[in-house]
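Novice: Here is my input; please provide its structure:
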Amino acid sequence: MLQLQDKGASGTAPATRMLVSAGARALGELLITAGIILVLFIGWQLWWTNVESDAAQRGVVRDFVRQLDASSLQETPGAGTSVESMDGPVVVAAEPAAGETIGLLYVPRFGGGYTRPIVQGTGPSVLDTLGVGHYEGTSMPGAEGNFALAGHRQTHGAVLDDIETLVPGDRIYVQTRDGYYVYLFRNSEIVLPTRTDVLLPVPNKPAASPREAYLTMTSCNPRFGSQERFIAYATLERWQPASAGPPADIAAQAGRTIREE
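Specialist: Model (predicted):
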């Protein structure tokens, strides 16, 4: 009887080992498949969404340029490019409907080819496709208060990928149908996503009334995550009408944009 029991036990052990081995192989195959899917998903996020968004944004830029008055399509700066030559108050447009194009964003620090559309709204339909989004209810370009923008860093066009490279004194240009608004970068900070006070009329100051025109750009931080928000602040330095042509610093870039579109 003892011999039969020993024989049965020894016969069970190989079967158990076979089941364990098969289970391990199946688990390994599942893990490999999951890894491949994850790599493909990351590739789609970091490459293909940028390809799609870049194409969509070029279309938005093209449509915007086609709607501009002929006077704003000068490829060289006009005579009235200095602060002193600008007569009258800064022109401020009304806030448009969701999804409409406000203008174009030029940031020389981001490279000579950086031209991105600014579109009303910060939902996925804007940020995941159309470019830089304008927080609804915040100021419009040139107005006292906070002209607040949002954009992705590593995906969907990576419109604010280089936001952390800005240094004090850098100029940020916003072109609308009315003219060019020149903002001077001041400083940046990293905050938690709950810090919505960065969008206040005077950023971070709930009780303050605005006496300046601010530009605030927000994006995710770190570059490949979203645990925080990177915030860049600028103030309006000057404005010039479309009839004056683009400011000298972006004249060549604006000219290329016009020719390409």
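
Novice: which other residues reach stretch 250-261?
Specialist: 58, 61-62, 65-66, 73, 75-77, 104, 106, 108, 112-115, 173, 175, 245-246 (CB atoms under 8 Å, 6 or more residues apart in numbering). C-beta here means a position set from N, CA and C on the backbone, and glycine is covered the same way.

Novice: Sketch out the low-pLDDT regions of the stretch 1-150 of the chain for me.
Specialist: The model of the stretch 1-150 of the chain has pLDDT under 70 over residues 1-13, 19-24, 26-51, 69-88.

Novice: Mind checking which of the contacts of stretch 250-261 are in helices?
Specialist: 58, 61-62, 65-66 (DSSP state H).

Novice: what about Tyr135, distance to Leu127?
Specialist: Separation of Tyr135 from Leu127 (CB to CB, to the nearest Å) stands at 11 Å.

Novice: List the residues that are in contact with both of those two.
Specialist: Common neighbours of Tyr135 and Leu127 (CB under 8 Å, 6+ apart) are Ala150.

Novice: who's more crowded, these two?
Specialist: A direct count of neighbours by other CB atoms under 10 Å for Tyr135 and Leu127 places Leu127 higher, at 22 against 19.

Novice: Where does the residue nearest to that one when sequence neighbours are not counted fall, secondary structure wise?
Specialist: Using CB to CB, 6 or more residues apart in numbering and skipping the chain neighbours, the partner closest in space to Leu127 is Gly133 (5.0 Å). Here Gly133, judged by DSSP states H and E, is contained in strand 132-134.

Novice: and if you look at Ala251?
Specialist: helix 251-260.

Novice: What residues sit buried inside that helix?
Specialist: Within helix 251-260, the residues that count as buried by 16 or more other CB atoms under 10 Å are 251, 253-255, 257.

Novice: For Thr165, state which of those is nearest.
Specialist: Nearest to Thr165 among the buried residues of helix 251-260: Gln253, at 17.2 Å, using CB to CB.

Novice: are any of the ones in helices among the contacts of stretch 250-261 buried, and which?
Specialist: 58, 61, 65.

Novice: Need phi/psi at the residue sitting nearest the centre point of the chain.
Specialist: Nearest to the mean C-alpha position of the chain, counting by CA atoms, centre = their mean, stands Gly151 at 2.1 Å. Gly151 has phi and psi values of phi -170, psi 160 when expressed as degrees, to the nearest 10.

Novice: Contacts only, for it.
Specialist: The contact partners of Gly151, taken as CB under 8 Å, 6+ apart, are 116, 127, 131-133, 157, 159-160, 217-219.

Novice: Could you give the number of residues near Arg25?
Specialist: For Arg25, the neighbour count with other CB under 10 Å is 10.

Novice: Report the separation between it and Arg17.
Specialist: According to CB to CB, Arg25 stands 12 Å off from Arg17.

Novice: quick one on the thing from earlier: pLDDT at the residue nearest to the centre of the chain, what is it?
Specialist: Per-residue confidence at Gly151 stands at 95 (pLDDT).

Novice: gap between it and Arg171?
Specialist: Taking CB to CB, one finds Gly151 at 18 Å from Arg171.

Novice: Kindly report the same for Thr138.
Specialist: From Thr138 to Arg171 the distance is 21 Å (CB to CB).

Novice: again with Ala234
Specialist: For Ala234, the distance to Arg171 (CB to CB) stands at 8 Å.

Novice: out of the two, which sits in the busier spot?
Specialist: Ala234 (23 against 18).

Novice: Tell me the confidence at the more buried one?
Specialist: At Ala234, pLDDT is 98.

Novice: Show the secondary-structure elements that the helix or strand containing it is packed against.
Specialist: Under the criterion of DSSP H and E, Ala234 resides in strand 228-241. When contacts are defined as 3 or more CB pairs under 8 Å, 6 or more residues apart in numbering; DSSP states H and E, strand 228-241 packs onto strand 179-191, strand 213-221.

Novice: and the longest one with helix 251-260, angle?
Specialist: With axes from the mean of the first three to the mean of the last three CA atoms, to 10 degrees applied, the angle from strand 179-191 to helix 251-260 works out at 110 degrees.
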